[in-house]
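# Quick one, structure for this:
(2 chains)
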Amino acid sequence: MQTALSIAVDALAYGMALFIICIGLSLTMGLMRVVNLAHGAFAMIGGYIASYAARDLGLGYAFGIVLAMIGTVLIAVPLERLLYRRIYDRSELSQVLMTIGITFCVIGITNYFFGPTLKTIPLPAELARSVDLGFRGIAGHRLFVIASGLVVAGGLWFLIERTGFGIHLRAAVENAPMARALGIRTEIIYAASFALAIGLAAFGGVVGAEFLPIEPYYALRYMVTFLVVVSVGGAGSIPGALAACLLLGAIDVTARYLVPDFGNFFFYLAVILVVCAFPRGLMGRAQ
Amino acid sequence: MTKGFLNRWLPAGALALAGALTLGASAMADTIKVGIIGPFSGPFALQGKNFQAGAEAWLAQNGKSVAGHDIELVYRDLPTANPQQARALAQELIVRDKVQYLGGVYFTPDAMAITPLLKQGNVPLVIFNAATSAIMTSSPLVVRTSFTLSQTTTPLGKAAVERGVKKFVSIVSDYGPGVDAEGAFKKAIEAAGGEVKEAIRIPLNTTEFSPIMQRIRDAGAEGVFAFLPSGPPTLGFVKAFSDTGLKKAGVKLFAPGDLTQESDLPALGEAAAGLITSFHYAVSHESEINKRFVAAGEKAIGAPDLLSFPAVGAYDGLFVISKMIAATAGKQDAEKAVEAVKGLGWESPRGPVKIDPETRHITQTIYLREVAKDAQGRWINKEIASVPEQKDSGLTK
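Here you go, the predicted model:
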């Protein structure tokens, strides 16, 4: 029982970290219809900025997160204007080619400037401390990740379903020419949601760094995991992405405890079963 | 007409003449080419850079010529383990670049793909890293200046039992070297009177280790033996080990030194403190010759915290090649060259070493080290004990 609880807590923390990183990708793929393979690269840039701010400049963790989100968005917005805008209505293949190109560029540039070694983001004492849950100790950081995941999920749901911006966004996605005819400036809506997705990627890169350490090949190493989460959850669906992350996180962590020799077998088995049963993902909408 | 002819052909003639002159000149100075194959780009670029730094450090200290023969290094990039490409690169180096010696090679499969070429090409191969015992039996023209996993792991068994740690869980990444390490440690710990209660193999790409830590806790182990590739898996592992409280509970972590490569130590830091590893070389090794090597190596690699063990393999590799050149008087004779270095002993930056005449693998001191801070506050592998004259126990039966 104690072991089961312990695994559940680990699974929850891991799933939430995945969720924070992947939800931005789910939004760009589902709402903006852009297959952004460079999403992980932006999460990695966030991690690098936070590491530089918190470790090399000694500015602290909270400040590191803020700087990472702002800095990554500042890097991404010119890219959106110059590159991404051209591929919004192109085929998936062009999108995949361009964004994987961006990924390789980012890997090369970070490798050149920061070197190939691992970068850590020092945690503040409150988060590094072990918190007693009664049945075991857990790093405070993991509780922080779980809480952050819930806040992100709730905040996004509110933004998209309950605010004016959300209405405009959904209108632009549903029928862009009609939305424009009604006076919605779709290019601004797109730029803003792109920035939002990238900001979330950076946030996820930083808080998830304890699970997925920051190094130049981050962008490539976890690309498949991120894409799998989005396709299992259903692109564009917040509850879907949340469910996918929790389900896959639980399966991954449990399988690793019970049968580590099987490796990722059960993870991918679950993916195959879900995709067979729900071709559009758990909560994907018909297009 | 004649003018046009002259215009067209005179420069070419002059070039040919100049070419013949330089050829004659170089024949007198006699340049010997050494082909070095390693990962100079891609995820393992740091290891390749260390090859280069080690080789250049040797040249910087000893000059570019050996007994009147100039050494020219020809680097070839092989980013990841890729036997077919390794073979093609070696072939190209032997046939087109006419190298007399081959060196480098980071991964075992690549070394295995190159060894069949050596006899026909009349070229010896000096391995700077690839660390599987069996490579040495695949060709008599291979000499190795690195280490093998079983060579570095064997002393851990005794060291653990001496520290009162007997019940182990072994955790390795599920790939060739991991499986080798698991076997070597099991043999060593059982010989010393301890036991491995559970041997777990995990997929290579694992970075989230909390469930594994729970397994260790449930198994009631006193010690953990781990072998994972350096980089994200190692960082994740030592972090999880200290975060989940296993470290505080007094469980001891033992590992071969690959885990605490100096270039990873700044990132591992506090989480790895106290981790005991065994290895053939620590950058912090106390000796005059190592100090000079580290100074030259850091200059060649560009940043102080990037230097680690592949550099010393390359440095000693070039020493061995220089002895081969001297013994053959610059002529291409692979058998004679290898014969000349059998039994060769010298003082390396890692300590006293010797090429074992039977296996052609390097016999060396294996050090027991603990991750600790030095006087300047840098994380180092602090040597706490040494086991001299270790042969490759994976070969000597």
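# contacting residues around residue 98?
You didn't say which chain, so I picked chain A. The neighbours of residue A:98, taking C-beta atoms under 8 Å, 6 or more residues apart in numbering or on different chains as the test, are A:83, A:87. C-beta: built from backbone N, CA, C; applies to glycine.
# meant chain B, my bad for not saying
Counting by C-beta under 8 Å, 6+ apart, residue B:98 makes contact with residue B:33.
# With the one 4 residues further on instead?
Residues in contact with residue B:102, defined by C-beta under 8 Å, 6+ apart, are B:34-37, B:90, B:93-94, B:114, B:118, B:123-126.
# quick one: it from chain A, how far?
25 Å (C-beta to the nearest C-beta, to the nearest Å).
# other SSEs contacting the helix or strand harbouring residue B:278?
Take DSSP states H and E as the rule and residue B:278 turns out to sit in strand B:276-279. The elements that strand B:276-279 packs onto, with contact taken as 3 or more C-beta pairs under 8 Å, 6 or more residues apart in numbering or on different chains; DSSP states H and E, are helix B:149-162, strand B:252-256, strand B:362-373, strand B:379-390.
# Parallel or antiparallel, which strands does that strand pair with?
Partner strands for strand B:276-279, per DSSP bridges, with pairing direction: strand B:252-256 (parallel), strand B:362-373 (antiparallel).
# Could you find the residue nearest the spatial middle of chain B?
With the centre of chain B defined as its mean C-alpha position, the nearest residue by C-alpha atoms, centre = their mean is residue B:129, 2.8 Å away.
# circling back to that earlier point, which one of the helices and strands packed on strand B:276-279 lies nearest to residue B:72?
Each of the helices and strands packed on strand B:276-279 was scored for nearness to residue B:72 using C-beta to C-beta, and the closest is strand B:362-373 (24.9 Å).
# so that closest one versus helix B:149-162, what angle?
Here strand B:362-373 runs at an angle of 50 degrees relative to helix B:149-162 (axes from the mean of the first three to the mean of the last three C-alpha atoms, to 10 degrees).
# Reformat the contacts of residue B:102 into JSON lines and put secondary structure and distance to chain A next to each item.
Rendered in JSON lines, the data for the contacts of residue B:102 read as follows (DSSP: H, G, I helix; E, B strand; the rest coil; distance: C-beta to the nearest C-beta, whole Å):
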{"residue": "B:34", "secondary structure": "strand", "distance to chain A": "25"}
{"residue": "B:35", "secondary structure": "strand", "distance to chain A": "24"}
{"residue": "B:36", "secondary structure": "strand", "distance to chain A": "19"}
{"residue": "B:37", "secondary structure": "strand", "distance to chain A": "19"}
{"residue": "B:90", "secondary structure": "helix", "distance to chain A": "25"}
{"residue": "B:93", "secondary structure": "helix", "distance to chain A": "25"}
{"residue": "B:94", "secondary structure": "helix", "distance to chain A": "30"}
{"residue": "B:114", "secondary structure": "helix", "distance to chain A": "25"}
{"residue": "B:118", "secondary structure": "helix", "distance to chain A": "31"}
{"residue": "B:123", "secondary structure": "coil", "distance to chain A": "31"}
{"residue": "B:124", "secondary structure": "coil", "distance to chain A": "31"}
{"residue": "B:125", "secondary structure": "strand", "distance to chain A": "26"}
{"residue": "B:126", "secondary structure": "strand", "distance to chain A": "25"}
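# mind giving me CSV with those and columns for neighbour count?
Listed next are these as CSV, based on neighbours: other C-beta atoms under 10 Å in any protein chain shown:
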residue, neighbour count
B:34, 25
B:35, 24
B:36, 26
B:37, 27
B:90, 28
B:93, 25
B:94, 20
B:114, 30
B:118, 21
B:123, 23
B:124, 30
B:125, 27
B:126, 30
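# okay, now residue 70: neighbour count?
You didn't pick a chain, so chain A it is. 14 (other C-beta atoms under 10 Å in any protein chain shown).
# I was after chain B.
Using other C-beta under 10 Å as the criterion, the residues surrounding residue B:70 number 16.
# ok, the helix or strand hosting it near chain A or not?
For residue B:70, the host element (DSSP H and E) is strand B:69-77. No. Contact between strand B:69-77 and chain A is absent, the nearest approach being 14.3 Å (criterion: C-beta under 8 Å from any C-beta of the partner chain).
# Can you tell me the strand partners of that strand and which way each runs?
If you go by DSSP bridges, strand B:69-77 pairs up with strand B:31-38 (parallel), strand B:65-66 (antiparallel).
# Kindly format the C-alpha coordinates of that strand as CSV.
Listed in CSV are the C-alpha atoms of strand B:69-77, where the atom choice follows Å, rounded to 0.1, in the frame of the first residue of the first chain:
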residue,chain,number,x,y,z
HIS,B,69,60.1,12.0,-38.5
ASP,B,70,57.3,14.6,-38.4
ILE,B,71,54.0,13.5,-37.1
GLU,B,72,50.9,14.8,-38.8
LEU,B,73,47.5,14.0,-37.2
VAL,B,74,44.5,13.5,-39.5
TYR,B,75,41.2,13.7,-37.7
ARG,B,76,38.1,11.9,-39.0
ASP,B,77,34.7,12.6,-37.4
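# quick one, what contacts the most far-flung residue of chain A relative to its centre?
Summary for chain A: using C-alpha atoms, centre = their mean, the residue whose C-alpha lies farthest from the chain's mean C-alpha position is residue A:181, with a distance of 32.9 Å. Listed by C-beta under 8 Å, 6+ apart, residue A:181 has no contact partners.
# what about the nearest residue to residue B:46 once chain neighbours are set aside, which SS state?
In space, not counting the residues next to it along the chain, residue B:46 is nearest to residue A:116; the distance is 4.7 Å by C-beta to C-beta, 6 or more residues apart in numbering or on different chains. Using DSSP: H, G, I helix; E, B strand; the rest coil as the criterion, the local structure at residue A:116 reads coil.
# Perfect, I'm done here.
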